[in-house]
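sequence plus the predicted model coming up.
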Amino acid sequence: MSTEDTSRFVRLRVELVLEIEDSGALTRAALERIADDPDMPAGERVHAESAVTEDTAEALAYLVDPFDLVSEVPGAELAQASWSAERIDYDPDSPDGYLDEDDVEEDDESERAGGSA
């Protein structure tokens, strides 16, 4: 397939597991980012403050910005991004890490299709 026949768009999947060592610092940083956002409507601000105060994963989601990950990549422009954060069961000593059933099924399908890229 020539370059002209392929799409200019690429989906980049990144999955991270973070250990939260200071949830208070994380929550404070998220609240500060929300307070510093001049474009956030008051009603949304109240909801966001409540969400980050109640859930560390929500606080992390407010602090991580996919644009920051790719803004310096030459020749690429972020067209769309979505992200979320959730608490997971994680055993760093397990050979499978934190793979859930969906991940295992995707790996099996990839192997049947001839491997992964």
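Yep, it's here.

what about the most centrally placed residue in the chain, which SS state?
Residue closest to the average C-alpha location in the chain (Cα atoms, centre = their mean): Trp83, at 4.1 Å. Following DSSP: H, G, I helix; E, B strand; the rest coil, we place Trp83 in the coil state.

tell me which element Glu44 is part of?
helix 42-54 (DSSP states H and E).

what about the helices in this protein?
23-35, 42-54, 56-63, 66-70, 101-112 (DSSP state H).

most tightly packed of these?
Comparing these by mean neighbour count (mean count of other Cβ atoms under 10 Å), helix 56-63 ranks first with a mean of 19. Where you see a C-beta, it was placed from the backbone N, CA and C, and this is true even at glycine.

quick revisit: now the helices of the chain as CSV including distance to Asp93 and mean pLDDT?
Putting the helices of the chain into CSV (distance: least, Cβ to Cβ, whole Å; pLDDT from 0 to 100) gives the following:
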stretch, distance to Asp93, mean pLDDT
helix 23-35, 23, 97
helix 42-54, 30, 96
helix 56-63, 23, 94
helix 66-70, 29, 89
helix 101-112, 18, 49
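
quick one: closest of those helices to Val17.
Closest to Val17 of the helices of the chain is helix 56-63 (Cβ to Cβ; 11.3 Å).

the inter-axis angle of the closest one versus helix 23-35?
40 degrees (axes from the mean of the first three to the mean of the last three Cα atoms, to 10 degrees).

quick one: contacts for the residue lying closest to the residue nearest to the centre of the chain once chain neighbours are set aside?
Among residues not flanking Trp83 along the chain, Pro66 sits closest, at 5.8 Å (Cβ to Cβ, 6 or more residues apart in numbering). Each residue near Pro66 by Cβ atoms under 8 Å, 6 or more residues apart in numbering is listed here: Leu78, Ala81, Trp83.
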